[in-house]
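Visitor: quick one: sequence plus predicted model below, questions after.
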Amino acid sequence: MSPKARRMRFVLIALAALFVASGLILYALDDNLVYFYSPTDVQEKHIAPDTRIRIGGLVEEGSVVRKGNDVSFRVTDLSNSIPVRFTGALPDLFREGQGVVTEGKLTADGVFIASEVLAKHDEKYMPPEVADALKRSGQWQGKEAGGS
Amino acid sequence: MHRFANPTRFLRIANAVLPWCVSLTAVLFVLGLGWGLFFSPPDYQQGETVRIMYVHVPAAWMGLFIYGVMAVASAVGLIWRHPLAELTAKAAAPIGAAFTFLSLVTGSLWGKPMWGTWWVWDARLTSMLILLFLYIGYIFLWDAFDDPQRAAKAAAILALVGSVNLPIIKFSVDWWNTLHQPASVVTMQGPKIDSAILWPLIVMALAFKAFFVSVLLVRIKAELAERKLRIMRLNQVARENSRLGAAQAGAES
Amino acid sequence: MTFSGENLACLRGERIVFQNLGFELRPGGMLLLLGANGSGKSTLLRLCAGFLRPFAGRLLYDGADIFSQRAEHRSRICYTGHLDALKAVMSVSENLLFWTRLSGGDAQRLDEALDLFDLGGLADMPARFLSAGQRRRANLARLAMSRAPLWLLDEPTTALDKASCARLFGLMAAHRHAGGMIMVATHQEIEGADSAVLPLDDFSPVEAVF
Amino acid sequence: MTFSGENLACLRGERIVFQNLGFELRPGGMLLLLGANGSGKSTLLRLCAGFLRPFAGRLLYDGADIFSQRAEHRSRICYTGHLDALKAVMSVSENLLFWTRLSGGDAQRLDEALDLFDLGGLADMPARFLSAGQRRRANLARLAMSRAPLWLLDEPTTALDKASCARLFGLMAAHRHAGGMIMVATHQEIEGADSAVLPLDDFSPVEAVF
Amino acid sequence: MTVFWAVVRRDLLLAFRQGGGAGMAVTFFVVTVTLFPLGVGPEPNVLARIGSGVVWVSALLAALLSLDRLFQADLEDGGLDLLSLSPEPLEIIVLAKCLAHWLSTGLPLIAVAPLLGLLMGMPGAGIGGLVLAMLLGTPALSLIGAVGAGLTAGVRRGGVLLSLLVLPLYIPILIFGVSAVEAAATGLTARPHLLILAAMSLFTAVLAPLAAAAAVRLALE
Amino acid sequence: MTVFWAVVRRDLLLAFRQGGGAGMAVTFFVVTVTLFPLGVGPEPNVLARIGSGVVWVSALLAALLSLDRLFQADLEDGGLDLLSLSPEPLEIIVLAKCLAHWLSTGLPLIAVAPLLGLLMGMPGAGIGGLVLAMLLGTPALSLIGAVGAGLTAGVRRGGVLLSLLVLPLYIPILIFGVSAVEAAATGLTARPHLLILAAMSLFTAVLAPLAAAAAVRLALE
Ligand code: HEM
Ligand SMILES: Nc1ncnc2c1ncn2[C@@H]1O[C@H](COP(=O)(O)OP(=O)(O)OP(=O)(O)O)[C@@H](O)[C@H]1O
Ligand SMILES: Nc1ncnc2c1ncn2[C@@H]1O[C@H](COP(=O)(O)OP(=O)(O)OP(=O)(O)O)[C@@H](O)[C@H]1O
Ligand SMILES: [Mg+2]
Ligand SMILES: [Mg+2]
């Protein structure tokens, strides 16, 4: 084989390998490769009790109940929701309708016992007056489920 | 011998630009900090804490931007063997490392009140930490060579290899469910930040850029001066050698 | 088939080692590189082998720049440097066979090469038991198996005793006779009266200007 | 003050390098070690410096075995080996001063030593910028500051140009004149007509036993 | 391709004749992992919790330590000159050296990994995942390492510098490697993580030889 | 004692002029410690639980990596010949080299250890204990390491071999170092552990130079 043809062959093999690798990554990203699961994921994947996972979503409006240091609330992605219990200090941003990521374990009866609750916020920034004005004028778009 | 003619022209331009750059930096900083810290409104959710943004976000942008500059300069240095490109990459590295570090620190300071934690190992934060390590490795690699020409090429290879990390940092928030928020400024739907907060942010970003250019110019000048010193020393060796050679020739005849 | 350098300059560690250097080698020719320590003999050889790029000037093989046809150039040369490139835990013949296979030499001629440098009895000896001179001879034995037309030899006589030197000179003469070309850097006498001399001291810059 | 070896034999890697070797050095004397590669010149010097123990025989200094008075013996010798023992990141004078302080030499004579080997202009230069010959000279400059009576020199002229060789020979003559002793291993000519010669080839075992 | 296999053969030969090449990396791996029960305390559930992480981190370090001689040894004895003068492209030769490194280091690590997993009290499914993830991921360790080894060949204090350059680049492999094990251990699908590991090995198999060969050429200047 | 201090000065000078001596060990330390949260997962209470073990193991590895040049560099440039020919006993010179190694490696590690402790979520008292324990324990790391460095000087693949020889000897320091931290963190007295660490450093300060000097003499034969 001439050197040119050999070089051509190497280049082709290399390109093929890169192509396959990119394909694998795209395929894998399609699957779930996540920092946290959404409540729907949890339901669909039948995650076994007692496995340590993170779930993320919005704190359901009107679900927060505080008893001293204990809090219980529901995390929702607007189609499914999971009850969560937590003991400890909450971040400032924690409030109803806000995004959260919590880490813990699912019990057999479907309650999520959180060992940590982190607040997740979206990418919108505006002064309070603007937010109020938007709400009043009815242009407020509500929340999408916990991030992208 | 373009490689030795170039620095002189560069120095002339740099000396002319530098004072302007420094003044611009000062003005932008005063304007941006004043606006950001005192005259911009609080956020409807985060309250006053949002002001960390005026440092965090420009610092993070600069951390990425400067690595990009280094990668481009390294490619130019490798392909066209332009010594000024190599020096630019070298001079930029510590500045980029400092900005990256600043963004990590301000990010954690911000994360504590907002997220409830200083640090999580999500994709955005982790990839940013890797960037800092890459900067540090790059700086040490320059140090480890005796011969600056070889150091330049080796460091350039590393900078190019490391640049795969940049898109990962940028798009980590879209590819994975991170705790870190997605992009607010450069998005498909336009900025998602109210202009009252966006403008001071932009001024601060410009201030950081101007600061970078000023420091970069100063550092390149210092690098050039050091190189000149090195060459003077080597010339001394050369003279010493030729003197010896002459003496030897004299002794033989 | 000619190998020539035109107007070469070389920079090492920001210092010019030599400049305005030119040479020409034709089939059967030999070029002796002479000069004080640090005058750039090894540097020039490594330049010719393609390890370094010249700072100025060109290196031409049959009229084509060697850096425009790197792969071809690599198969044209056989280089021996200051170091012997022997693995201590491999035997002499294992070492030789590996390098020959790598450079596309003639593995059939192993025995011939060993005999030529009087290494016959040492063929199965791990290289770590060899003396300096024997190591050097094992390195030079590659030459006898090489098919490359251009030999680049950096002080090949170092550590060799008189008898081995004579064998080496014989091999070099045979190579030239068969139309090969040789560049040798040396501090010692090399046999080969008709060879051209390149005095590297003459090409060092008067004042290293930057 | 005499230094002598009696009936020495040395084993390296289970092979006898030399045997039945004896020598005697008196004040002002010089011993040239000659021989083919691998005949044991470096080995003998390292033996005399106390790095190795002889397999058989004794090394006596003023009648006492050197291995019974190691510390004293160390302060009696100045050794230069194949390697130059220069740190690349330290300047020439920093390197020299460190070794001199370590071996109890005369740090006052730094300038003198530098001048002697024409290193004056390079005193503050990091050693990495030196050429091979300059490195070798910097290593040899230790001799000019040493207070040791016995010099052990392993191929000191390697990489030296003619002028530096002459300076070295002058220094050696002066040392002998002052009552010092020198052992030199060499492949090259060494000035000093009256010196004794130890041909190491004569002491290699008739049959190399493994 | 005969040159390719000749290089692989020689490097394997050297690894096995020179003071037990594979043996040392494996022993380092085992010793480091066993340091943890000593350092952290023998509590079984803590050990099981950190097991996959500790095994992966130790594997990274073991692969790393055996890397610093990859080109350095050939550079010091002049062999690298001749390797790079082969008519075959240097990239191919570098790839061959990586393959030999993986066969002599990566594979033995994988062989003892299940044992260490047991030692750390990992569940059976997790150990299976560990072996799979290491099979797919360790080639990338050798390949990325080759770039670092090339860059630090002939450099003062190359060893420590090498780890500085290479460890950050190993982090993605660590992350996906560990998540594959965790997913397998908790009964979730490890497939996406394994796919990404495979993709990284493929990517680096193409790109790392290019960068490493460039770095090696530099070391020869 | 002027020779002693001359050697200390020189080795420190070399450490700082040669590619940021201290800097690299520290960076390796930091990078290795950060690998663990990545590998083990970010759960704060697990990290806090294993924090002291991870920091100590990483410190061992960082000290180890910077050791392999302790005598090797001097051996390669012929300096070790001259060092051992000094009229001063070789043991003293070895001790000086150990002191310089500790000043340029151990001390900087101690300086950044609190930061890493914070990163791993260790409590304040634990961090105080960590610093004390490292102050008392790290000298022994340099000293024991010197023995290994002497034994492996001039040996093929010395780096890996070194870790095999030295790491097992580091285990007692690891155990007492970690228990000192744990005791301090839980409010118990760390005194007995700290005393044992100090005793180990003292013991090795006497015995290690003897062994290391013997090993170095062997390397010069
Ligand atoms: C240590 C923690 C953190 C790190 C390492 C970090 C890193 C980064 C980086 C690298 C960027 C630039 C992204 C780009 O150019 O696309 C960025 C942007 C940003 N970060 Fe952070 N961050 C951290 C914490 C936070 C926190 C706690 C907040 C807010 C609560 C925050 C808010 C933002 C915002 C608003 C942007 C601008 C987004 C845009 O580009 O439009 N970050 N951060
Ligand atoms: N890697 C390098 N970096 C910087 N300078 C170098 C390098 N290699 C060599 N030099 C310098 O280049 C010059 C030429 O060196 P070269 O090795 O070619 O000399 P030489 O003629 O072969 O000498 P010798 O007779 O000692 O072999 C010397 O002054 C040397 O200091
Ligand atoms: N460390 C060692 N282990 C085993 N054998 C060795 C060792 N060092 C040297 N030898 C052997 O001892 C013999 C003598 O070596 P030595 O270095 O003394 O020779 P020399 O006369 O100095 O040669 P040269 O002229 O090359 O310097 C040689 O045959 C060599 O192979
Ligand atoms: Mg040369
Ligand atoms: Mg010798």
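Guide: Now that the structure is in, tell me what you want to look at. Residues are numbered from 1 along each chain as shown, chains lettered A, B, ... in the order given. Ligands and ions are numbered 1, 2, ... in the order given.
Visitor: does chain F sit close to stretch E:130-138?
Guide: No: judged by Cβ under 8 Å from any Cβ of the partner chain, stretch E:130-138 stays clear of chain F, getting no closer than 12.2 Å. (Each C-beta comes from the backbone N, C-alpha and C, glycine too.)
Visitor: so what touches that stretch?
Guide: Judged by Cβ atoms under 8 Å, 6 or more residues apart in numbering or on different chains, the contacts made with stretch E:130-138 from elsewhere in the structure are E:52, E:55, E:59, E:63, E:102, E:106, E:109-110, E:113-114, E:117, E:122, E:173, E:176-177, E:180-181, E:184, E:190, E:193-194, E:197-198, E:200-201.
Visitor: which SS state does C:Gln19 fall under?
Guide: strand (DSSP: H, G, I helix; E, B strand; the rest coil).
Visitor: which helix of chain C spans the most residues?
Guide: helix C:162-177 (DSSP state H).
Visitor: where along the stretch 1-150 of chain B do the helices fall?
Guide: Counting by DSSP state H, counting those that start in this stretch, the stretch 1-150 of chain B forms helices over residues B:2-34, B:53-80, B:83-115, B:123-144, B:148-162, given from the N-terminal end onward.
Visitor: if we can go back for a sec, for the record, mean pLDDT for the longest helix of chain C?
Guide: The predicted model assigns helix C:162-177 a mean pLDDT of 90.
Visitor: tally of neighbours for C:Met125?
Guide: 15 (other Cβ atoms under 10 Å in any protein chain shown).
Visitor: that one against C:Met90, yeah?
Guide: No: proximity of C:Met125 to C:Met90 does not meet the contact threshold set by Cβ atoms under 8 Å, at 10.3 Å.
Visitor: residues contacting the closest residue in space to E:Phe4 that isn't next to it in sequence?
Guide: If you skip the residues right next to it in sequence, E:Phe4 has E:Ala96 as its closest partner in space, 4.8 Å away by Cβ to Cβ, 6 or more residues apart in numbering or on different chains. Taking Cβ under 8 Å, 6+ apart as the contact definition, E:Ala96 lies against E:Val3, E:Phe4, E:Trp5, E:Val7, E:Val8, E:Asp11.
Visitor: now name the helix or strand holding the first one.
Guide: Applying DSSP states H and E as the criterion places E:Val3 in helix E:2-17.
Visitor: where in chain C is pLDDT low?
Guide: In the predicted model, chain C carries pLDDT under 70 at residues C:13-14, C:37-38, C:193, C:206-210.
Visitor: OK, now which residue of it is nearest to chain A?
Guide: Sorted by distance to chain A under Cβ to the nearest Cβ, the residues of chain C start with C:Ala71, at 5.6 Å.
Visitor: same for the one helix or strand that residue maps to, what does it pack against?
Guide: Using DSSP H and E, C:Ala71 falls within helix C:70-76. On a contact count with 3 or more Cβ pairs under 8 Å, 6 or more residues apart in numbering or on different chains; DSSP states H and E, helix C:70-76 meets no helix or strand.
Visitor: got phi/psi on the residue of chain E positioned farthest from its centre?
Guide: Among the C-alpha atoms of chain E, the one most distant from their mean position (Cα atoms, centre = their mean) is that of E:Glu43, at 29.4 Å. Backbone torsions of E:Glu43, given as degrees, to the nearest 10, read phi -60, psi 120.
Visitor: just C:Asp84 next, same as before
Guide: Its backbone dihedrals place C:Asp84 at phi -100, psi -10, with angles given as degrees, to the nearest 10.
Visitor: that one contacts C:Ala141, correct?
Guide: No: counting by Cβ under 8 Å, no contact exists between C:Asp84 and C:Ala141, whose distance comes to 10.8 Å.
Visitor: quick check: residues of chain C near chain A?
Guide: Listed as neighbours of chain A in chain C under the rule Cβ under 8 Å from any Cβ: C:Ala71, C:Glu72.
Visitor: if we use 6 Å, what do you get?
Guide: C:Ala71 (Cβ under 6 Å from any Cβ of the partner chain).
Visitor: which stretches in chain C count as helices?
Guide: Counting by DSSP H, one finds helices in chain C at the ranges C:41-49, C:70-76, C:92-103, C:110-116, C:132-145, C:162-177.
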